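Engineer: got a sequence here, can you model it:
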Amino acid sequence: MKINYLLNELLTYCLEKGILEEVDYLYTVNTLIEFFNQKEFSKEKVKVRELDLILDDLALYAFNNGILKENDVVSLDNFKAKTIDFLIDRPKEVIRKFYKYYQEKPSKATEYLYQLSKDVNYIQTKRINQNLKWQHQTEYGNIHLTINLSKPEKDPRLIALQKQQKSGYPKCQLCPENEGYRGHIGYDGRSNMRIIPIKLNNEEWFFQYSPYSYFDEHSIVLNKEHIPMIINRETFVKLLDFLDYFPEYFIGSNAGLPIVGGSILNHEHYQSGKYRFPIEEAEAKLFASIDDVEVYSVKWPLSTVRIKSKNRENLIAFADKILHIWRKYENKDLLIVNNEDEIHNTITPISRKEAEFYVFDLILRNNYTTDELPDGVFHPHPSLHHIKKENIGLIEAMGLGILPARLKTEFELIGKYLQGDSKIAEDERIKKHWHWVEKIQIKYLGANTESFILEEAGKVFSEVLKDAGVFKMDEKGQMAFQEFLNLLI
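Structural biologist: Okay, the predicted model is just below:
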């Protein structure tokens, strides 16, 4: 396909999507032909394909013609993001449009930015649609699971080249300096990302969408400053400030300690979006009403205190009270070990609005380790690592299991084994699953192997969540949970 046709296709796509305005057309043409080493351009009628296909062909042209160097092939996403960035509004204009829509209705502003992020391929919709999703019914409610195929695996060449790259800018993937950053080997470019400034607790923060959405309108709220994650009274203030901006969204923070704190602890940030998580559907029992705050115990594998109130300040004060009481709490019989020299207790807070009520779900976490359980006492135990070994962060704690991409192939192999292909047992990729396969094959009665394996994997993830709970769902654990709740009165 000729370069003139491809450029026409890209320009027409952006005009049709409202990304490019007619008044900027000629300027953008000249920018593009210079970038692709062209001397001329002619306008022609084209049949527009998906943006990802157009950018793939432009990247192939760039490689074949020496514009894209050989080492850059492992960073094709960075090149494609840079190409589409020539056609996107600059940050100032995106911010202006966002707040113009916001004056009409907050949801109109988020719809604008979300649609833009998809249209310019920042949110990888095509890849996200490849993700495998299902639900699993448990004794405490329905949990959601997905095998995440949207984030591509790194090319081995990229891993080798990455070792040669030394850069302290941006300091991490969450710093606002990523907006417009072209990226390099081993560092994802964010040329096609746009972020929106907001104020939380009178501090400068930014709102953006996640390129690999795990749920509807998955967004990131990040501190302007590169400072570590922390859970304190100000956290609760900032979460409710965000709800005042965007009342249709939930927002939550990872805990501020390793093991239970998710994967990024060096930059303060929250996650938000328009999604109803399983924890919200869980059975909640009213425990007490104190200072206009309703306190509930939630039937959930990760021990959760739900508090709700129309009074913002009282709710913040009560959340802070729970945090302080939990930070000092210890129950060595349950291996909830905590001490002043090294505090192991923290909270994963989630907030949302229900009509006029502000709601907090405060999940009690502990990151204590032992010689027998070096990954964490309240972390998936070794027998479950074949399905989920990574930290149980905010999203999983709310009941959405993000499982690794390797499982798609491994589950297919297990399915073939269950159907009678005994040679599969020799495949190294399913050795980690063998103890599980021996257990589930007894129950396999020739049904659809895919649905059977996903159902059994759901049972494993349910146990993962139970491992992460500090007060177990048995009689002993629930009695201790009740005793903890009594401390709040």
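
Engineer: quick one: the strands in the stretch 1-150 of the chain?
Structural biologist: 132-138, 141-147 (DSSP state E, counting those that start in this stretch).

Engineer: which one of the ones you listed lies closest to residue 446?
Structural biologist: Checking those against residue 446 by CB to CB gives strand 132-138 as the closest, at 20.3 Å. All C-beta atoms are positioned from the backbone trio N, CA, C, and that covers glycine.

Engineer: and the closest one, how far out from the chain's middle?
Structural biologist: What separates the centre of strand 132-138 from the centre of its chain is 18 Å, taken as CA atoms, centre = their mean, to the nearest Å.

Engineer: neighbouring contacts of it?
Structural biologist: 142-147, 149, 408, 454-455, 457-459, 461-462 (CB atoms under 8 Å, 6 or more residues apart in numbering).

Engineer: out of the strands of the stretch 1-150 of the chain, which is the most enclosed?
Structural biologist: Greatest average neighbour count among those goes to strand 141-147 (a mean of 20), per mean count of other CB atoms under 10 Å.

Engineer: partners of it in the sheet?
Structural biologist: strand 132-138 (antiparallel), strand 400-403 (parallel) (DSSP bridges).

Engineer: dump those strands to a markdown table, plus distance to residue 479 and mean pLDDT.
Structural biologist: A markdown table is the format used below for the strands paired with strand 141-147 (distance: least, CB to CB, whole Å; pLDDT from 0 to 100):
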| stretch | distance to residue 479 | mean pLDDT |
| --- | --- | --- |
| strand 132-138 | 22 | 97 |
| strand 400-403 | 28 | 96 |
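
Engineer: quick check, residue 190 in a helix?
Structural biologist: No: per DSSP: H, G, I helix; E, B strand; the rest coil, residue 190 lies outside any helix segment and is coil.

Engineer: to residue 205, which of the strands paired with strand 141-147 lies closest?
Structural biologist: Using CB to CB, the strands paired with strand 141-147 put strand 400-403 closest to residue 205, at 24.1 Å.

Engineer: quick one: contacts of that closest one?
Structural biologist: Against strand 400-403 from outside (CB under 8 Å, 6+ apart): 143-148, 214-215, 275, 277-278, 387-388, 395-396, 457, 461, 464.

Engineer: what's the next secondary structure element after that strand?
Structural biologist: Sequence-wise, the next helix or strand downstream of strand 400-403 (DSSP states H and E) is helix 406-418.

Engineer: which element follows that following helix toward the C-terminus?
Structural biologist: helix 434-440.

Engineer: could you list the buried residues of that next one?
Structural biologist: By neighbour count with 16 or more other CB atoms under 10 Å, helix 434-440 contains the buried residues 436, 437, 440.

Engineer: show me what contacts the first one?
Structural biologist: Read that as residue 436. Counting by CB under 8 Å, 6+ apart, residue 436 has contacts 386, 387, 456, 460.

Engineer: so what pLDDT did the third one get?
Structural biologist: We note a pLDDT of 98 for residue 456 in this prediction.

Engineer: which helix or which strand is home to it?
Structural biologist: helix 449-468.

Engineer: any idea of the angle that helix forms with helix 406-418?
Structural biologist: Taking axes from the mean of the first three to the mean of the last three CA atoms, to 10 degrees, one finds helix 449-468 and helix 406-418 inclined to each other by 130 degrees.

Engineer: nearest to residue 352, of the contacts of strand 132-138?
Structural biologist: Using CB to CB, the contacts of strand 132-138 come closest to residue 352 at residue 144, 16.7 Å.

Engineer: number of residues surrounding residue 177?
Structural biologist: When neighbours are counted by other CB atoms under 10 Å, residue 177 registers 14.

Engineer: OK, contacts around it?
Structural biologist: 169, 170, 171.

Engineer: from residue 140, how far off is the closest residue to the second one other than its chain neighbours?
Structural biologist: Nearest residue to residue 170 in three dimensions, chain neighbours excluded: residue 177, at 4.0 Å (CB to CB, 6 or more residues apart in numbering). Relative to residue 140, residue 177 is positioned 42 Å away (CB to CB, to the nearest Å).

Engineer: could you pull out the helices for the stretch 251-400 of the chain?
Structural biologist: Per DSSP state H, counting those that start in this stretch, the stretch 251-400 of the chain carries helices over the ranges 278-281, 312-328, 394-397.

Engineer: and the first one, average pLDDT?
Structural biologist: When pLDDT is averaged over helix 278-281, the result is 98.

Engineer: which other helices and strands contact that helix?
Structural biologist: Helix 278-281 sits against strand 141-147, with contacts defined as 3 or more CB pairs under 8 Å, 6 or more residues apart in numbering; DSSP states H and E.

Engineer: cool, the last one as well?
Structural biologist: Secondary structure elements in contact with helix 394-397, counted by 3+ CB pairs under 8 Å, 6+ apart, are strand 345-354, helix 449-468.
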